[in-house]
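>>> let's see this in three dimensions:
(one chain, ligands or ions: 1)
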Amino acid sequence: MKVFVQAPTGKPLMPTTPRRARLWLKAKRAWVVCREPFTIQLRFETSAYTQPVTIGVDTGSQTVGLAATANREVVFQAEMRLRSDISGKLTQRRQYRRTRRSRKTRYRGPRWTNRRRKAGWLAPSLRAKAEATVKAVRFLASLLPIRQINVEIGSFDTQKMQNPEVCGVSYQQGQLQGYLVREYLLAKWQRQCAYCQTSGVPLQVEHLIPRSRGGSDRASNLVIACDACNKQKGSSTAEEFGYAEIQAQARVPLKDAAHVSSIKTAVVTSLIQQFGSEHVAVTYGYETRYQRIQVLNLPKSHSNDAISIACEKGELVKAGTSVYQIRCLARGNYQLFNGKHSEHKVWAPKKVHGWKLYERIEVKGQIGYIGGRRVKGAFVINDVLSGKTLIVVTPHKLRRLSRPVQGWMITRFPISQLSGKEGGASSPS
Ligand SMILES: [Zn+2]
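A predicted model of the protein is given here:
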């Protein structure tokens with residue numbers, strides 16, 4: 001674990017050890033800015049000597065991986081869960097407005113000319129996700145002296161594969177190249193076995209016409225197959241195996257290969273605007289995967305992917321000891337009136353029995369957050385990681401750990417407590 005340090009001016013310095021931070025705090029040479037992640041601000045001037053810190057961002061639609069490396073060491077790693085309630089809330093607001101408009105009111109002329117969408121417009125649910133990702137990078141930049149930001153934008157780079165079907169990049173030519181071809185084939189065959197359409201199992205690269213019978217390593221001779229189909233097919237061709245149509249299908253190249261989702265484009269554009277294009281670089285999933293499996297030997301998780309993105313090619317880094325779990329939250333309830341005709345004033349207090357929503361608490365040895373409150377005393381406590389209900393208790397059993405600030409909730413977990421990977425669309429590694 002590292003303690004983040006700020007200069008008296010607020011400028012981020014290199015992180016330090018808990019021991020040194022403790023000594024500074026005891027001697028009143030520093031004060032605590034933030035408990036989670038633990039950040040102190042010095043009361044004395046030091047040489048603002050910093051080493052380059054690189055951030056890796058693994059963008060996603062549900063979970064974002066974040067990591068920072070400096071001096072061949074992981075100094076920060078986090079997984080951020082994005083909000084998924086935006087579109088539902090907007091639907092609700094739209095319905096309230098609909099009922100309000102159908103009431104008997106004076107004539108209002110149509111006002112559609114001011115509803116034109118600007119270039120680069122994103123749907124609100126996607127915009128929230130892109131902005132949360134950028135906000136997390138800005139937050140990291142307030143803790144660490146950032147030199148470089150790496151963002152993964154797609155699974156493979158089509159520019160590196162010129163005409164893969166015809167010219168062919170041998171899928172065994174170099175380790176990294178193999179990962180490139182694999183990602184290309186996974187995208188082409190929708191991440192499922194070409195023969196039996198199974199997905200969610202480990203998939204292998206398979207030759208339609210086997211190597212032993214003169215088949216090439218071109219992408220047009222390769223498919224993705226599960227272990228069972230691959231073994232069963234053995235040294236027969238796809239046609240002999242009873243799948244002549246797949247042989248024809250394999251010759252058709254993948255059209256929109258360099259598919260970059262709108263969230264990723266928005267994240268990269270915004271980061272370049274805020275940090276300058278010389279500090280932002282893009283990477284591809286096949287490089288990440290190669291780095292994570294072959295160089296760092298880490299299990300698949302969003303934060304481990306982010307570490308691999310932050311690293312140079314082939315760079316070995318010392319792993320961190322804890323992962324921060326960040327959950328993005330709504331900042332408040334702004335509803336003033338409800339009811340069919342907006343006739344009821346919302347009287348519900350912000351606090352129930354002195355507790356707010358999303359406060360992080362400890363109860364009966366478990367750590368969770370408040371997901372629901374009843375005046376009569378049934379408090380719903382949810383798990384920080386999964387968001388599922390842990391327990392329903394009376395509020396006087398709760399012990400407060402922290403309140404949500406800045407629109408998110410941050411919890412630190414030792415790596416040993418987290419195993420495997422939860423949620424989100426992913427592929428078998
Ligand atoms: Zn199969």
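>>> rest of the way, CA atoms for contacts and neighbours
Noted.
>>> the residue of the chain most remote from its centre sits in which helix or strand?
Distance from the C-alpha centroid of the chain peaks at Arg106, with 48.0 Å (Cα atoms, centre = their mean). Of the helices and strands defined by DSSP states H and E, none includes Arg106.
>>> measure the nearest residue to Pro210 once chain neighbours are set aside to the ion for me?
Leaving aside its sequence neighbours, Pro210 sits nearest to Ser235 (Cα to Cα, 6 or more residues apart in numbering; 5.9 Å). According to Cα to the ion, to the nearest Å, Ser235 stands 16 Å off from the ion.
>>> Ser235: neighbour count?
17 (other Cα atoms under 10 Å).
>>> where does the prediction get shaky in the stretch 301-429 of the chain?
For the stretch 301-429 of the chain, the stretches with pLDDT under 70 are 418-429.
>>> scratch that, the stretch 51-200 of the chain is what I was asking about
In the stretch 51-200 of the chain (pLDDT under 70), the answer is 156-176.
>>> please list the residues of it that sit near the ion.
Cys193, Cys196 (Cα under 5 Å from the ion).
>>> which parts of the stretch 51-200 of the chain are strands?
53-58, 63-70, 73-81, 146-154 (DSSP state E, counting those that start in this stretch).
>>> what lies in contact with the third one?
Looking back up the chat, that one is strand 73-81. With contact meaning Cα atoms under 8 Å, 6 or more residues apart in numbering, strand 73-81 is reached by 1-2, 15, 62-69, 302-303, 306-307, 317-320, 322-328.
>>> pull out the buried residues from those.
Using 16 or more other Cα atoms under 10 Å as the burial test, the contacts of strand 73-81 include 1-2, 15, 63-69, 302-303, 306-307, 317, 319-320, 322-328 as buried.
>>> number of nearby residues for the residue lying closest to Val375 once chain neighbours are set aside?
With sequence-adjacent residues excluded and distances taken as Cα to Cα, 6+ apart, Val375 is closest to Val352, at 6.4 Å. Close neighbours of Val352, defined as other Cα under 10 Å, add up to 16.
>>> do you know how far Val352 is from the ion?
Relative to the ion, Val352 is positioned 55 Å away (Cα to the ion).
>>> for that residue, list each beta-bridge partner.
Trp355 (DSSP bridges).
>>> what does the one 10 residues further on give?
With beta bridges defined as DSSP bridges, Glu362 has these partners: Ile367, Arg399.
>>> could you point out which element follows the helix or strand where Phe4 lies?
Taking DSSP H and E as the definition, one finds Phe4 inside strand 4-6. Proceeding N to C from strand 4-6, the next assigned helix or strand is helix 18-26, under DSSP H and E.
>>> so after that following helix, what's the next helix or strand?
Next helix or strand after helix 18-26 toward the C-terminus (DSSP H and E): strand 30-34.
>>> and that next one, how far out from the chain's middle?
28 Å (Cα atoms, centre = their mean, to the nearest Å).
>>> just checking, what packs against whichever helix or strand comes after that strand?
Going down the chain from strand 30-34, the next helix or strand is strand 39-42, by DSSP H and E. Packed against strand 39-42 by the contact rule (3 or more Cα pairs under 8 Å, 6 or more residues apart in numbering; DSSP states H and E) you find strand 4-6, strand 30-34.
>>> the longest one pairs with which strands, parallel or anti?
With DSSP bridges as the test, strand 30-34 is paired with strand 39-42 (antiparallel).
>>> quick one: contacts of the strand it pairs with?
So strand 39-42 is contacted by 3-8, 10, 21, 29-34, 143 (Cα under 8 Å, 6+ apart).
>>> top of those residues by neighbour count?
Greatest neighbour count in the contacts of strand 39-42, by other Cα under 10 Å, goes to Val5: 27 neighbours.
>>> give me every residue that touches that one.
Pro12, Leu13, Met14, Pro15, Thr16, Thr39, Ile40, Gln41, Leu42, Leu143, Leu144.
>>> Glu343 against Phe337, yeah?
Yes - at 6.7 Å, Glu343 counts as touching Phe337 under the criterion of Cα atoms under 8 Å.
>>> okay, those two: which has more neighbours?
Phe337 (13 against 9).
>>> the residue nearest to that one when sequence neighbours are not counted: how many residues sit nearby?
Excluding its sequence neighbours, the residue lying closest to Phe337 (Cα to Cα, 6+ apart) is Lys345, at 4.4 Å. By other Cα under 10 Å, the residues close to Lys345 number 11.
>>> for the one residue sitting closest to the centre of the chain, which non-adjacent residue is closest in space?
For the chain, Val64 is the residue whose C-alpha lies nearest the centre (Cα atoms, centre = their mean; 1.1 Å). If you skip the residues right next to it in sequence, Val64 has Met80 as its closest partner in space, 5.0 Å away by Cα to Cα, 6+ apart.
>>> which outside residues touch stretch 311-319?
Residues outside stretch 311-319 that contact it (Cα under 8 Å, 6+ apart): Thr54, Gly56, Thr69, Arg72, Glu73, Val74, Glu287, Gln291, Val295, Leu296.
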